[in-house]
Structure formats: C-alpha cells, structure tokens
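A.B. asks: I'll drop the sequence and a predicted model, then ask my questions.
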Amino acid sequence: MTQQADVVVIGGGPGGYEAAIRAAQLGLSVICIERRIHKGKPSLGGTCLNVGCIPSKALLDSSHKYHDLKAGYASHGISTGDIGLDVGAMLARKDKVVDQLTGGIAQLLKGNGITWLQGSGKLLAGKRVEFTPHEGEVQIIEAKSVILASGSKPIEIPAAPLVDGIVVDSTGALEFPEVPKRMGVIGAGVIGLELGSVWSRLGADVVVLEALDQFLAVADRAISKETQKILGKQGLDIRLGARVTATRIEGAQVVVTYTDAQGEHSETFDKLIVAVGRRPVTTGLLSADSGISLDERGFVHVDAQCRASVPGVFAIGDLVRGPMLAHKAMEEGVMAAELIANHHAQFNYDLVISVIYTHPEVAWVGMSEERAKAEGFDVKSGQFAFAVNGRALAADDNQGFVKFVADAKTDRLLGMHVIGPSAGDIIHQGLIAMEFGASVEDLQLMCFAHPTLSEVVHEAALSVDGRAIHAIQRKRK
Ligand code: FAD
Ligand code: NAD
C-alpha cells in the first residue's frame, strides 16, 4: 500500500512533534512516525518527555522538597515531625507527570490533523519512506519533504557494560526502587550532576568519576569553580581525572576500578550510572541508497538551516550537530517546517541557553569569558552575588552570582552566566537582551523591580563598570 503526504516526520520527540505541528499549522498534510513504547504503551514526546527532561525534573523537584524538609525550616520558625520517604510514590508521581504530558502531545497531533503512525520509519531513495508498524504490513509513503528527527541514545563504554538494575544508563537511574546506600556515577556532565543530586538528596553517598581534569569544562570558569564548590559541600564526591578501566559485579554490587594521577583505585557501589554522553540514532533510519551523508561523528550532515544532503530532506535535534538540548531540537523543527512551507526561517545557534537543574541552578547563554578572550575580544566582565539580595535572603536561598561578559570596545553583551536560585529562568533576560543586541548600558539604565532576584542581574550589569550599588566598588566611569 502506498500513501502520500506533504511532510513525513520520522521521530516524535520534541524536535519531531514540534516540526509536525508547525507544518500542519502551515496547511501541509503531515505524517509523524514514532516507534517508542513507554511502560507498555506507544508514546510520543521522545527522550525528553519519557525518559529525559521531564522525569528527571520531576525527581529533582521531589528530592529537593524532601531535602529541604529534612534539613529543616527551623530558621523560618517552622517545625516538622519525622520526615518519611516513599520512593515508590515519588516514582509514581513522576510517571503521572510523564503520562499527562505525552498524552497531551497525542492530543495536539490529533487536533492538528496529523497522522501518528506507530512503528519505525526508514528513509529510502526519492523521498519515499518505509513504515514498519509494530503490528501489520510494511507500507511505503511518498513524501514531498521528510524531516529526520530520530534523536539520540546513551553512549555505552566497554569498561562499564550495563547490568540490569545495577549498572544503568540515565533511563535506569530514573527507576531505582529504593535509595542506594552508595552510588557511583561515571561522567560529571549534566546527567551525572542532576541525577547524582537526586539520589544524593534522598540519602545516597554519591561518588562522581569524571575523566577530564577540569570540572564543567564547557562553562565559564567562574561558574564551574563555584558549582564544584557548592555541589561538593552538598555531598557530591566529584573526582576529576578519573578514568574507569573496569567494572565487575560482586553479588548485588559493582566494583569499579579507575586510575587517576595518584594511581589505581577501586570503589564498590550498590548502583552505578553511566552518563558519558549520547550519540545520534541512525541505525535502521536510512537505506543504503537514501543519499543522506553522515559527518565524521555519525551525525546526519546538515547545513545551518538543517537541510540534509538530499533536497527536500531535513534533519534536526540530537540527530545533528550542536548541543543535545530539547529547546534546540524544537526550534530546529519549527525552522525546518517553515522552510518546507517556503517561509523565511533561521536559528541563532550562538544563543542556545544551557541549564543544569541542580540546586542552585546553573545557566548560561553566549560566550564564556575564556571563549570571548580566545576569540580576540577586548573583554570586560562583572559579577554580583545573590548573598546580599533582599529577596534571596528572605527566601534563605542566596548562593551564587550573576556574571556578564561584554565587549570593552563596543559595550555589547557577549555572555551571561548564572549560578543561583531560578537561574534557568533568570538567564532568559540575557537571551532577550543579547538577541536584541543590547549593550551593558542598556541593562544599567533599566528599572528592575524590588525586591526580586532579578535585581542581581541589574547589579551585575552595573558591576561590569565598577558601579554596583550594593557592593563597595569604586566607580570607574
Ligand atoms: P528524541 O527526544 O530522542 O526523540 C526521537 C524519537 O524518535 C524517539 O522517541 C525515538 O523513539 C524515535 N525514533 C528513533 N528512530 C526512529 C525510527 N526509525 N522510526 C520511528 N521513530 C524513531 N534537554 C534539555 O533541553 N533540558 C533538559 O532538562 C534535559 N534533560 C535531560 C535529561 C535526561 C536524563 C536526558 C537523557 C536528556 C535530557 N535532555 C534535556 C536532552 C533532551 O532530552 C534531548 O535533547 C531531546 O529529547 C532531543 O530531541 P529529539 O526530538 O531530537 O530526539
Ligand atoms: P555530557 O556530555 O553532558 O557529560 C558527559 C561527561 O562524561 C563529560 O564531562 C565527559 O568528560 C565525561 N566522560 C566521558 N567519557 C568518560 C569516561 N569514560 N569516564 C569518565 N567520564 C567520562 O553528557 P551527559 O551528562 O551524558 O548528557 C547527555 C546529553 O543530554 C548532553 O548533551 C546534555 O546536553 C543532555 N542533557 C541536558 C540536560 C539539561 O539541559 N539540563 C540534562 C540532562 C541531559
């Protein structure tokens, strides 16, 4: 049987489903193929909604509440009794949030007249797509345009093969039925820090083994130093320059051997999370004669507007170069749909926000001070702490700071970096400012509401020129 569609999207994650919705809004007939079965049911929303952003944030929020309550609210004059922990109920709440959101995406596709085909899609030559349903016969769809959005999966390393329930990837780490006494994490990246924090807050002793000598090498140095300090104080035992050479199962535990500058060590854990990055999913996606080329790292090769090597075929999200982030996938999906409908569309890759949802949160957009200097800018920078911010103090949540990096010649903002309460939201002020080409002075001249966390943004902008009010700074201009 042959079907036809203006657009076939392969993959119903944040990239794919947003592409499908935008294409339908633009009057195109759209088929979205998604094969995921989550907890026994076909499910849209990809990694992000099923086993990524959303369930991890549900557990981060639950574990944060538990940790706060346990640490006590005595300073607020609030006393609590014995604090209980029901991990099963916590996981069930997370599953409910996931169900609600994935169900919502199915409604959105239906409401937009998009056909969701449940099974696997493969791109053939000539923009034909082979659809293999979970049950039933293979079908061929003739598409005018195709959007490849098959996402990514965790990287596995030979030194630590997965062992059901003991050595797990990020998906397994969302499902521990009880709090491990001692937990290891390989990789101090975003997943390692977020999921390490979840289980540490719930009571596990957590050791994080990171191969690089530098912590959070992608972040501004001031931010990575502060993050390491704060997370260390919270109890995450982060060991840098640690290369895992082998793991072996002993009973219900795993023994990890690693080397660092001091030599060889071994540690025994009840659970081990392997979180060393993700790689694109291309297996089974492309026929040998599809004409689509991959780059040297296995990503589908695309131009700056996500056009793949066959006219009319686009590829987006984790499947292509750039940061593996849901919001990046979403905007690329919208861009691809608009280009297919002959609209003008573009994406500013220089301003993709990064957020780490630890507590405090860590977020940045634009250039770090180190990168701006390496790119030849004459850099000026300033930072201001939440420690003296009225709102942060009132909430007893006042760690961290806001930092701006700017071009000393033109005063243009180049980067904003935050560690602190609600950093993931506050950072959007920098995004908007930089998208509009703001100068530091533009921010200095604005009136920020009092008392708010955002006043730290204002003060950080003032501090770039040595004129923050709530700090002893000698005015330089
Ligand atoms: P995916 O979400 O991976 O979706 C691709 C879909 O395609 C999958 O559902 C897959 O089943 C389907 N598929 C693959 N091949 C085929 C085929 N041949 N036929 C049919 N279907 C196919 N990002 C953030 O921005 N913020 C966060 O807080 C965040 N937290 C995360 C936490 C964790 C634990 C993890 C693992 C990731 C997190 N991410 C986060 C990353 C984010 O989930 C991804 O960047 C995002 O999901 C990528 O979207 P995508 O649409 O490209 O791919
Ligand atoms: P990552 O790239 O963020 O971090 C992986 C870390 O593992 C790096 O620090 C790397 O140096 C280290 N590493 C690699 N190989 C190692 C080894 N053999 N031994 C020890 N350390 C090793 O990857 P991740 O944490 O797995 O996350 C995967 C993707 O998911 C990322 O691209 C991230 O953007 C995305 N994600 C985003 C969020 C968020 O936006 N808040 C949350 C979770 C995941």
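C.D. replies: Good, I have the coordinates. Numbers count the residues shown, from 1 in each chain. Ligands and ions are numbered 1, 2, ... in the order given.
A.B. asks: What residues does this protein have near ligand 2?
C.D. replies: 157, 186-192, 194, 209-212, 243-244, 275-278, 323-325, 355-357 (CB under 6 Å from any ligand atom). C-beta: built from backbone N, CA, C; applies to glycine.
A.B. asks: Show me the subset of those that also lies near ligand 1.
C.D. replies: Within the residues of the chain next to ligand 2, those near ligand 1 by CB under 6 Å from any ligand atom are 191, 324-325, 357.
A.B. asks: Now rank those by neighbours and give me the top one.
C.D. replies: Ile191 (23 neighbours; other CB atoms under 10 Å).
A.B. asks: Show residues contacting the helix or strand Val456 falls within.
C.D. replies: Assigned by DSSP states H and E, Val456 falls within helix 455-464. Contact with helix 455-464 is made by 380-386, 389-392, 401-404, 406, 416, 420, 426, 429-430, 440, 443-444, 446, 448-449, 468-471, 473, as judged by CB atoms under 8 Å, 6 or more residues apart in numbering.
A.B. asks: Ile21 - nearest residue in space that isn't next to it in sequence?
C.D. replies: Asn112 (5.4 Å; CB to CB, 6 or more residues apart in numbering).
A.B. asks: The one you found: how many residues sit nearby?
C.D. replies: By other CB under 10 Å, 15 other residues sit near Asn112.
A.B. asks: these two touch, right, it and Ala23?
C.D. replies: No: look at Asn112 against Ala23 with CB atoms under 8 Å: they stay out of range, at 9.0 Å.
A.B. asks: Tell me the spacing between Asp220 and Glu175.
C.D. replies: Note on Asp220: its distance to Glu175, by CB to CB, to the nearest Å, is 34 Å.
A.B. asks: the more surrounded of these two?
C.D. replies: Ranked by neighbour count (other CB under 10 Å), Asp220 and Glu175 place Asp220 first, with 27 against 14.
A.B. asks: gap between the residue lying closest to the more buried one once chain neighbours are set aside and ligand 1?
C.D. replies: Spatial nearest neighbour of Asp220, excluding adjacent residues (CB to CB, 6+ apart): Ser368 at 3.7 Å. Note on Ser368: its distance to ligand 1, by CB to the nearest ligand atom, to the nearest Å, is 19 Å.
A.B. asks: Give me the distance between Gly84 and ligand 2.
C.D. replies: In this view, Gly84 and ligand 2 are 29 Å apart by CB to the nearest ligand atom.
A.B. asks: sorry, back to before: if I pick the residue nearest to Ile21, what's in contact with it?
C.D. replies: Here Asn112 is in contact with 20-21, 24-25, 30 (CB under 8 Å, 6+ apart).
A.B. asks: got the contact list for the residue of the stretch 51-200 of the chain found nearest ligand 2?
C.D. replies: At 1.7 Å from ligand 2, Gly189 is the closest residue in the stretch 51-200 of the chain, using CB to the nearest ligand atom. By CB under 8 Å, 6+ apart, Gly189 lies in contact with 275-277.
A.B. asks: What is the burial count for whichever residue of the stretch 201-350 of the chain sits closest to ligand 1?
C.D. replies: At 2.1 Å from ligand 1, Gly317 is the closest residue in the stretch 201-350 of the chain, using CB to the nearest ligand atom. When neighbours are defined as other CB under 10 Å, Gly317 has 35 of them.
A.B. asks: Quick one: residues contacting it.
C.D. replies: Shown in contact with Gly317 (CB under 8 Å, 6+ apart): 11, 13-16, 149, 151, 328-329, 332-333.
A.B. asks: so which of those is the most crowded?
C.D. replies: Ala149 (35 neighbours).
A.B. asks: wouldn't that one be in contact with Leu319 here?
C.D. replies: Yes: counting by CB under 8 Å, Leu319 is a contact partner of Ala149 at 6.5 Å.
A.B. asks: List the residues that are in contact with both of the two.
C.D. replies: In contact with both Ala149 and Leu319: 11, 15, using CB under 8 Å, 6+ apart.
A.B. asks: The closest residue to Ile10 other than its chain neighbours sits in which helix or strand?
C.D. replies: With CB to CB, 6+ apart as the measure, Gly121 is the residue that lies nearest to Ile10, at 3.8 Å, once sequence neighbours are left out. Secondary structure from DSSP H and E places Gly121 in strand 115-123.
A.B. asks: That strand and ligand 1, any residue contact?
C.D. replies: Yes: between strand 115-123 and ligand 1, judged by CB under 6 Å from any ligand atom, the touching residues are 120-121.
A.B. asks: tell me the average confidence for that strand?
C.D. replies: Averaged across strand 115-123, pLDDT comes to 98.
A.B. asks: now for the helix ranked longest in the chain, which elements pack on it?
C.D. replies: Of all the elements of type helix in the chain, the one with the most residues (DSSP state H) is helix 87-111. Counting by 3 or more CB pairs under 8 Å, 6 or more residues apart in numbering; DSSP states H and E, the packing neighbours recorded for helix 87-111 are helix 14-25, helix 46-51, helix 53-71, strand 115-123.
A.B. asks: circling back to that earlier point, list residues touching both of Asn112 and Ala23?
C.D. replies: Val30.
A.B. asks: ok and the residue in the stretch 101-250 of the chain nearest ligand 1?
C.D. replies: Gly151 (2.1 Å).
A.B. asks: so who does that residue touch?
C.D. replies: 11, 13, 15, 46-47, 280-281, 317-319, 329.
A.B. asks: could these be laid out in CSV, adding pLDDT?
C.D. replies: Shown next, in CSV, are the contacts of Gly151 (pLDDT from 0 to 100):
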residue, pLDDT
Gly11, 98
Gly13, 98
Gly15, 98
Gly46, 98
Thr47, 98
Pro280, 98
Val281, 98
Gly317, 98
Asp318, 98
Leu319, 98
Ala329, 98
